[in-house]
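[1] task: produce atomic coordinates for the following.
(2 chains, ligands or ions: 2)
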Amino acid sequence: MIGALNQKLLREIWQLKGQMVAIILVMAAGIAVFVLMFGVVDSLKLTKNTYYDRYQFADIFVSLKRAPESVKQRVGEIPGVSIIESRVVFGVTLQIKNMIEPASGKIISLPDSHDPLLNNLYLRSGRFLYPNEENAVVVDESFFTAHGFNLGDKISVIMNGYKRQLTMVGVVLSPEYVYSIAPGALMPDSKRYGLFWMSRRSLEAAVNMKGAFNDLSIKVDRNANIENIKQSVDSILKPYGGLIAYGRDEQISNFFVENELKQLYSMGLMAPIVFLSVSAFLINVVMTRQISTQRELIGMLKAVGYRNIEISLHYLKMVLVITGVGSIIGLSLGGLDGNRYDKNVYGVFSFSHIKVQLFIRSHGFCGFLLHASGVYWNLVCDSKCCESTSSGSDAS
Amino acid sequence: MADKPISFKTQDLKKVYRTGETEVAALRGVNIEITEAELIVMLGPSGSGKSTFMNIIGGLDRASSGNVLFCGQDLAELSEKELTYFRREKVGFVFQAYNLVPSLTVLENVALVTEIAPNPMDPMQALDAMGLNNRANHFPSQLSGGEQQRVAIARALAKQPDVLLCDEPTGALDSETGIVVLKALMDVNAKFGTTCIIITHNAAIAQLAHRVIHFADGDVSLVEVNKIRKQPEQIEW
Ligand SMILES: Nc1ncnc2c1ncn2[C@@H]1O[C@H](COP(=O)(O)OP(=O)(O)OP(=O)(O)O)[C@@H](O)[C@H]1O
Ligand SMILES: [Mg+2]
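    Ligands and ions are numbered 1, 2, ... in the order given. Predicted structure coming up:
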C-alpha cells in the first residue's frame, strides 16, 4: 500500500512524463558534466605531475651569458640543491622551404656522457643522438608534425652566423616545452618556432662555448626554500651575466599548462551551473503550474484534514523524484566517462593532445545535450500549449 | 430532541473580512445550538453568511470574535494543528464543487480520506452506501455530476464523521440526481446519527430537515421546526 496521495503523485508524474524527462536530462547533463570535468581536471593534474616527476622537470631555471663549467660546482653546493645540470642553449634562425616568414628556434644541448639529469626527453619516434654526434638533432614533436617532416629530413639552421644542415633523427617531447612558445610571443605557434636538442660537444663547437655553459637547471630537495636558493644562484651567477633565476611558476610552458588547467576547471564549473540553473528554472515552472492548477484540490486536502506539512511534502516529492533521478543518471554518466578517461591517460605523455581532444569531447557532449533537451522542451511545451488552448475552447 | 446532547453551540459569533480599507461583516453575532443527529437545512440570500458560518464551525476558518463550542470544546482555543485534527477526525465536508482528485479512481479518492481518519469504514462500504460499488475503479471524469457528488459524499461519510457539513451539495445537479444525493444524506443521518447541516438555495429542500435555519445579513433571522418531514421524492423541486 503506497497511499492514495503517493498514488496521485505517481499518476501525475506519468502524465507529465515528457516534461519530467526533459528536466531530468538537463539536470543529468549538468551533473554529468560536473563529474566529468572534475574527473578530467584531476586526471590531467595527475598526468602532469607524473610526467614532471618521471621526466625530472627542474624546479629552478636560469640563463646566463657564459660561465666556465667549474661554476656549476659552486651552484651545486648551495644547500637544498639536489640535482644540477648545465646546458648550452642557443637561439637560431630556421630556413624552411615554402615559408615566407622567418621561423626561429632554439637548440638545447644534451650531455654526451650520460642521459640528461633533468628535463628528460620522451622519444616519440626515431632515435636519440649518439654521443658527440654531429649535425644531428632530435626535434620537438609539435614543430615536426606542424611541417609534416619525416625522420631523416634535414633542416637549415643559421647558427652563430653560419648556415648548417641538421638531420632530424628523432622526435621527442619535453616536460619543459609542453607548450613551445617563442620568446616574446603570446601564443604557441608550432610552425614558426621549433625546439631542437643537439650533442653538447657539437653545439659547444658550433657556437664557441667550449668548456662553458649558459643555462642551468636545478632540482631542489623536497623541503628546500626555493626563494633562498634562487637568491644564492643569482649572486653566484651575477659575474657571468646571469639573468634572474625563476621557478616553475614563471616557466612559460608550465605557466600555460597551469593556466589551461585552471580554465578547464572553471569551464567545468560554468557548464553545470548553467545546466542546473536551467533545470531549476524548469522545475519551478512545472511546479508553479502544478500547484496553481491544483489550488482547489489543495483546499480540499486541507478541508479533509491533511496537514500543511503533508501537503507540502506531497508536492516536494515530485521535485525530489526529478532531482533524484537526474542525479543518479548524471552521476553514473559522468562517472562512467571519467573512468574511461582515467584508463586512457596513464602513461601517455602527449598531454597537450589529450587535453584538446577531451576539451572538444566534453564540450561537444554538453552542447549536444543542451541542444537535445532544448528542442525536446520546445516540443513538449508547444504540444501542451496546443492541448490547453484546444481544451479551453472546447469548454467555452 | 431536548434530551440529545448539543453538537454545536455558537455564542455571539462574529466574522469580519478585511480587504484593504473595506470591512465586510459576514457574521454579526450568531447564537445557535445544533443537536447531535439533527438534520439542519440553512437557507438565506446570497451573501448572508451561510458559508462563512459553516466554514467556521467546521474548523476551516476562525471567527473574529465569539465562540464555537463543539461538544463543549471551544474551537478558538485549538491550535492550527489541533484544528486540522478536528477536521480530520470529526468533520466531513461536501462542497458544491465535488473536488475529486482527477488522477485518482473513485475508490482511491475515498481512501485519500479514510487513510488518515482514526475510525473509518471500509471505502467500498461507503461507496456501496452511495450505490457506487460498481464504479470503484472509474476515474472521476468517467462519472456524471450526480455520481461525482455521491463520491464526494461517500468520501465525507467514509471517515464516519460526527458531523457532515454540506455547502450547496445539489447546487450543480438536476432534480433527479439532486434527489438521489439528498436521499443519501438523509440515509446517513438516519442510519449513523450523523449531524447534517445542508446549505441550499432551494427552499423545497427545507422540508426534509428537522429544523430550518434562515440566514439574513450575517445573522439567523428565523428558525423553523418541521413537524412533518418529507422524503426527497415527495418534494416539488
Ligand atoms: N474571503 C472573503 N473575503 C472577503 N469577504 C468575504 C470572504 N468570504 C466571504 N466574504 C463576504 O462575506 C459575506 C458572506 O459570504 P458567504 O460566502 O458566507 O455568503 P453565503 O451566504 O454563503 O452566500 P452564497 O449563498 O452566495 O454562497 C459576503 O458579503 C461575502 O462577500
Ligand atoms: Mg455560500
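
[2] A:Ser180: neighbour count?
    A total of 24 residues lie near A:Ser180 under the criterion other C-beta atoms under 10 Å in any protein chain shown. All C-beta atoms are positioned from the backbone trio N, CA, C, and that covers glycine.

[3] scratch that, A:Pro239 is what I was asking about
    Residues near A:Pro239, counting by other C-beta under 10 Å, number 11.

[4] quick check: it vs chain B, distance?
    A:Pro239 sits 88 Å away from chain B when distances are taken as C-beta to the nearest C-beta, to the nearest Å.

[5] SS state for that residue?
    Secondary structure for A:Pro239, judged by DSSP: H, G, I helix; E, B strand; the rest coil, is helix.

[6] now do the SS call for the residue of the stretch 251-396 of chain A found nearest ligand 1.
    Here the residue of the stretch 251-396 of chain A nearest ligand 1 is A:Gly299; by C-beta to the nearest ligand atom that distance is 12.2 Å. Following three-state DSSP, we place A:Gly299 in the helix state.

[7] pull up the gap between the nearest residue to it once chain neighbours are set aside and A:Ser232, please.
    Leaving aside its chain neighbours, A:Gly299 sits nearest to B:Asn99 (7.3 Å; criterion: C-beta to C-beta, 6 or more residues apart in numbering or on different chains). Relative to A:Ser232, B:Asn99 is positioned 86 Å away (C-beta to C-beta, to the nearest Å).

[8] higher neighbour count, these two?
    Neighbours were counted for B:Asn99 and for A:Ser232 using other C-beta under 10 Å; B:Asn99 has more, 21 against 18.

[9] looks to me like the more buried one is in a helix.
    No - B:Asn99: not assigned to a helix; according to three-state DSSP it is coil.

[10] check contacts around the closest residue to A:Glu101 other than its chain neighbours.
    Of all residues beyond its chain neighbours, the one nearest A:Glu101 is A:Arg192 (6.6 Å), with distances taken as C-beta to C-beta, 6+ apart. Contacts here follow C-beta atoms under 8 Å, 6 or more residues apart in numbering or on different chains; on that basis A:Arg192 touches A:101, A:103-104, A:182.

[11] now B:Gly146
    For B:Gly146, the contact set (C-beta under 8 Å, 6+ apart) comprises B:173-174, B:176-178, B:180-181.

[12] what does A:Gly242 show for phi and psi?
    Per-residue torsions, A:Gly242: phi -70, psi 130 (degrees, to the nearest 10).

[13] any idea how far it is from A:Glu250?
    Separation of A:Gly242 from A:Glu250 (C-beta to C-beta): 15 Å.

[14] who's more crowded, the two?
    Neighbour tally, A:Gly242 and A:Glu250, criterion other C-beta under 10 Å: the higher count belongs to A:Gly242, 21 against 11.

[15] so for that one, what's the nearest residue that isn't a sequence neighbour?
    Leaving aside its sequence neighbours, A:Gly242 sits nearest to A:Leu64 (C-beta to C-beta, 6+ apart; 4.0 Å).

[16] thought A:Pro102 was touching A:Thr93?
    Yes - the pair A:Pro102 / A:Thr93 is scored as a contact, 5.9 Å apart, by C-beta atoms under 8 Å.

[17] can you pull the alpha-carbon coordinates of the host helix or strand of A:Leu10 into PDB?
    If you go by DSSP states H and E, A:Leu10 is part of helix A:4-15. The C-alpha atoms that make up helix A:4-15 are tabulated as PDB, following Å, rounded to 0.1, in the frame of the first residue of the first chain:
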ATOM      1  CA  ALA A   4      -3.600   7.500  -2.100                       C
ATOM      2  CA  LEU A   5      -1.600  10.700  -2.100                       C
ATOM      3  CA  ASN A   6       1.500   8.800  -3.400                       C
ATOM      4  CA  GLN A   7      -0.700   7.200  -6.000                       C
ATOM      5  CA  LYS A   8      -1.700  10.600  -7.100                       C
ATOM      6  CA  LEU A   9       1.900  11.600  -7.300                       C
ATOM      7  CA  LEU A  10       2.900   8.600  -9.500                       C
ATOM      8  CA  ARG A  11       0.000   9.200 -11.900                       C
ATOM      9  CA  GLU A  12       0.800  12.900 -12.200                       C
ATOM     10  CA  ILE A  13       4.400  12.100 -12.800                       C
ATOM     11  CA  TRP A  14       3.400   9.800 -15.500                       C
ATOM     12  CA  GLN A  15       1.100  12.400 -17.000                       C
END
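
[18] number of nearby residues for residue 75?
    All of this refers to chain A. 22.

[19] to clarify, I was referring to chain B.
    B:Leu75: 20 neighbours (other C-beta under 10 Å).

[20] contacts only, for A:Thr323.
    Taking C-beta under 8 Å, 6+ apart as the criterion, A:Thr323 is in contact with A:27, A:283.

[21] and B:Asp122, what is it in contact with?
    By C-beta under 8 Å, 6+ apart, the neighbours of B:Asp122 are B:114, B:158.

[22] any idea how far B:Val163 is from it?
    Per C-beta to C-beta, B:Asp122 is found 21 Å from B:Val163.

[23] equivalent analysis for B:Lys50, please.
    To B:Val163, B:Lys50 is 16 Å away according to C-beta to C-beta.

[24] on that earlier part again, now, the contacts of B:Gly146 that are in helices?
    By the criterion of DSSP state H, membership of the contacts of B:Gly146 in helices covers B:176-178, B:180-181.

[25] my guess is B:Ala206 contacts B:Leu43, does it?
    Yes - with contacts counted by C-beta under 8 Å, B:Ala206 reaches B:Leu43, the gap being 5.9 Å.

[26] what do the two both touch?
    Common contact partners of B:Ala206 and B:Leu43 (C-beta under 8 Å, 6+ apart): B:200, B:212.

[27] which residues in the chain form helices?
    In the absence of a named chain, chain A is used. Going by DSSP H, chain A shows helices at A:4-15, A:17-54, A:70-76, A:141-146, A:200-207, A:226-237, A:252-293, A:295-303, A:308-345, A:351-395.

[28] please go with chain B instead
    Listed in chain order, the helices found in chain B under DSSP H are B:50-57, B:80-90, B:106-114, B:123-129, B:145-158, B:175-192.

[29] could I get those as TSV with mean pLDDT?
    Listed next are the helices of chain B as TSV, based on pLDDT from 0 to 100:
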stretch	mean pLDDT
helix B:50-57	95
helix B:80-90	94
helix B:106-114	96
helix B:123-129	91
helix B:145-158	90
helix B:175-192	86
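
[30] export those as a markdown table, with columns for distance to A:Leu5.
    Below are the helices of chain B laid out as a markdown table (distance: least, C-beta to C-beta, whole Å):
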| stretch | distance to A:Leu5 |
| --- | --- |
| helix B:50-57 | 23 |
| helix B:80-90 | 14 |
| helix B:106-114 | 7 |
| helix B:123-129 | 15 |
| helix B:145-158 | 14 |
| helix B:175-192 | 25 |
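
[31] can you redo those as CSV with distance to ligand 1?
    As requested, the helices of chain B are arranged in CSV below (distance: least, C-beta to the nearest ligand atom, whole Å):
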stretch, distance to ligand 1
helix B:50-57, 3
helix B:80-90, 17
helix B:106-114, 24
helix B:123-129, 27
helix B:145-158, 17
helix B:175-192, 17
